[in-house]
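Peer 1: here's a sequence, model it:
(2 chains)
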Amino acid sequence: MCATSTMIYLDYNATAPLWPAVKRRIIDALDVSGNPSSVHSSGRNARALVEKARGEIASSFGATHENIIFTSGATEANTLALAGSKRRRVLVSGIEHLSVLEAVGDVEKIAVDQAGLVSSECLANLLRQDANSALVSIMLANNETGVIQPIAELARMAHEYGALFHCDAVQAPGRIPLHMDDLGVDMMTLSAHKIGGPKGIGALILAPGVEIASVLSGGGQERGRRGGTENVPAIAGFGAAAMHVNEMLDKAEHISKLRDEMERAILEQVPEVVIHGHRAPRLVNTSLFGVDGVSAETQVIALDLSGIAVSSGSACSSGKVAPSHVLRAMGLSESMSISSVRVSIGVETKDEEIGRFVDAWVSSLKIIKRQVNAAQSMNGSGGTL
Amino acid sequence: MTDEPVYLDYQATTPVDPRVREVMLPWFDAMFGNPHSSDHAYGWAAEQAVEDARIHIAELIGAKSNDIFFTSGATEANNLAVKGTVRAIAPDRNHVITCVTEHKCVLESCARLEREGVAVTYLPVEKNGLLNLELLENALSERTALVSIMAVNNEIGVIQPLTEIASLCARVGALFHTDAAQAVAKIPLDVNVMGIDLLSISAHKLYGPMGIGALYVRQKPKIEIEPIFDGGGQERGLRSGTVPAPLAIGFGEACRLGLEDISEEADRITILRDQFLAQIIDSLGDVKLNGDLEKRIPGNLNLSFPDIDAQDLMMRLPGIALSSGSACNTSSVASSHVLQSIGVEESLLHNAIRIGFGRFTVEEEVNFAAKEIIQAVSSLRNVTQIYEKN
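Peer 2: The predicted structure follows:
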């Protein structure tokens, strides 16, 4: 692992490093040995850590304290929202995270346009009948393209028809202002490790009055909505990370500049590059782009050898080389959907790292294309390398 | 002795072993890769360390590493084992057998299955807390999909006859799951020798971190399980969600240490526990031990003091962290379902305390706790006698 210290990390949408204050909070909490459900002082100390963090998250995202349900992460929170809502119909967009797409058996898909935006007409059509038994789940910002959906509008529409609205907001905190009331959603999913908190903890936040059934049956923790001993150190770290959201927002403008400069540079040097979702509002830190026929996997490995970590799409189960379902949902071809790499910038990214990335990407692209051409002339056939 | 209370609640949670803490710390630092980002070196290093952890966990229970699936803890592992297997098998086999003294998460998972149309048999236990194997044998049939019996009870520490249960299950082709949250690293376990098909583990009960656990699932022959969370397809599709690398790695180290220390530690804790119990009985006489003493993990006692309310007693013991029941229940005053199940009389239900000893318990603490408890019980008895005289 000697390579990591010199590596350039541009995969913040997969996971972000811990804030130093978060790390300190976790380490301190590791030394509190008590189960928060125990009544003795050790247990009460653990409980205090959990409730302090709950308060921090509530104040950072405009939630009410008792409506924050800690889960093992966003996947569980999304499952809890969709399965726990007990709504018969679940309407989701095709660009949702797999944990939303697969949370319940049958989902109805809301169309997405080429820009990456959810079609409000399609949603309205789906809601025209039987909306009272429906839950709509649309993510705030897409993990691959960074495209931001007009959630407040979509939620208002869903409510007018009588549907419930859930929003996976995992990629949003610290990149755009995020306040539960402004969104007007009934349920919202957050993940700690995307905002410099620890892995293994997330939350489902409910609007006041919204009720859900538990998915994990157990000891009655989290007001009976999620069984299992609370993950005290991780919750403490999540709370500390939530307190950094404004610090992240302060850096958004600078990050946006880095991203835009990068995109300008790659367009200039590789005019055939396609940048996905750039016509829609996007997260300031995210860029998904590719050249048709140049496999993302090959690009990512070449970049890794140059000491740069980017992603070929969403980091889920290892070893999976599948076309991006997000790009497919946006109507892109299969070959384009396996040819795009994602750069996601974070608060610790330095200006010169972006320059080094552009140089490395452009030169690796030239090499790959030469190899593709050589292979084609040998085989007499086209295809993706 | 410091101002910190003497911690005698090892069944609620165990302190993180400093050696586990050391191993975890670097993973909170620079090496923050998502273990599923298979594309780059950050991800590779995390993945490698998580796989090493999986091996340590497997070795502790005699399993293979690809039988181990990470979860957020034992509650999730139990939910997955109970609901997941039965939902995958039903309606071919539509019957589940469990036991009344199981952890709430198993009982509630069974209740959920009942609402889905599955028949559930809740076996009683004997007065010593152990299962009656004859009753199990009678309840088993070709319709039984799953038997879920905990290895060690969280309140009274008794060890169920796992090998015997497994062989009865095998006769009718039923799967055998055991919630071993309180057993792993406390008693020797070997899933192959014992014939266990599924086994739940919690890291924070064996000196590892909170927020991580595992389900062992026998892979040969393969057991079908319907996942509870779908999504990114991690843990070979059985459990989606990013595996928290630092927690998984700490869990692995805790298991490695557990395997190293298991018999020596058990002997040491048994001596401390017996010493504690002898002091209590010598001084207080009228004390009832709940649950069998022989078939019990070293680190647990559950004692009833007639006429002494456990809450009153605990109020007088601010220097000791112990529990009046299982931790999940303590915030409510409901009586323990476990003590009710072993036939503790109604009048004695609120008189029980659980004392949990563990790796960091030292003789000095045990003697201190015994002295404090003896003093507190004696003074409460005096109060009671005064009331009775009046």
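
Peer 1: the closest residue to A:Leu332 other than its chain neighbours: what's it in contact with?
Peer 2: Distances taken as CB to CB, 6 or more residues apart in numbering or on different chains put A:His276 closest to A:Leu332, at 7.5 Å, once the chain neighbours are dropped. For glycine as for every other residue, the C-beta is placed from the backbone atoms N, C-alpha and C. When contacts are counted by CB atoms under 8 Å, 6 or more residues apart in numbering or on different chains, A:His276 touches A:116, A:144-145, A:288-290, A:327, A:330, A:332, A:340.

Peer 1: let's see which of the residues you listed end up in helices.
Peer 2: Among the contacts of A:His276, the members found in helices (DSSP state H) are A:Leu327.

Peer 1: max pairwise distance over the contacts of A:His276: which two?
Peer 2: By the measure CB to CB, A:Gly116 and A:Gly290 form the most distant pair in those, at 14.4 Å.

Peer 1: so what's B:Leu380 closest to, chain neighbours aside?
Peer 2: Among residues not flanking B:Leu380 along the chain, B:Ile308 sits closest, at 5.0 Å (CB to CB, 6+ apart).

Peer 1: please enumerate the strands of the stretch 251-385 of chain A.
Peer 2: A:274-275, A:286-290, A:308-309, A:340-344 (DSSP state E, counting those that start in this stretch).

Peer 1: now distance to B:Thr384 and mean pLDDT too, for those strands, in a markdown table please.
Peer 2: Output for those, formatted as a markdown table (distance: least, CB to CB, whole Å; pLDDT from 0 to 100):
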| stretch | distance to B:Thr384 | mean pLDDT |
| --- | --- | --- |
| strand A:274-275 | 79 | 96 |
| strand A:286-290 | 69 | 97 |
| strand A:308-309 | 68 | 92 |
| strand A:340-344 | 67 | 95 |
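
Peer 1: what residues are up against the residue positioned nearest the centre of chain A?
Peer 2: Closest to where the C-alpha atoms of chain A average out (CA atoms, centre = their mean) is A:Gln171, at 3.8 Å. Residues near A:Gln171 by CB under 8 Å, 6+ apart: A:13, A:139-143, A:146, A:194, A:283, A:286.

Peer 1: and what of A:Arg89?
Peer 2: Contacts of A:Arg89 by CB under 8 Å, 6+ apart are A:108, A:130, A:133-135.

Peer 1: neighbour-wise, which of these leads?
Peer 2: Neighbour counts for the contacts of A:Arg89 (other CB atoms under 10 Å in any protein chain shown) peak at A:Leu135, which has 24 neighbours.

Peer 1: for that one, which three-state class applies?
Peer 2: Following DSSP: H, G, I helix; E, B strand; the rest coil, we place A:Leu135 in the strand state.

Peer 1: and what of A:Thr229?
Peer 2: coil.

Peer 1: that one contacts A:Ser37, correct?
Peer 2: Yes - counting by CB atoms under 8 Å, A:Thr229 does reach A:Ser37; the two are 7.2 Å apart.

Peer 1: where in the chain is pLDDT low?
Peer 2: With no chain named, the answer covers chain A. Applying pLDDT under 70 to chain A flags the ranges A:1-5, A:313-321, A:380-385.

Peer 1: actually it's chain B I care about, not the one you picked
Peer 2: Those would be B:1-2, B:30-43, B:325-334, B:386-390, if you go by pLDDT under 70 across chain B.

Peer 1: please enumerate the strands of it.
Peer 2: Here chain B has its strands, by DSSP state E, at B:6-7, B:68-71, B:95-99, B:119-123, B:144-148, B:175-179, B:198-202, B:213-217, B:288-289, B:300-304, B:320-321, B:352-356.
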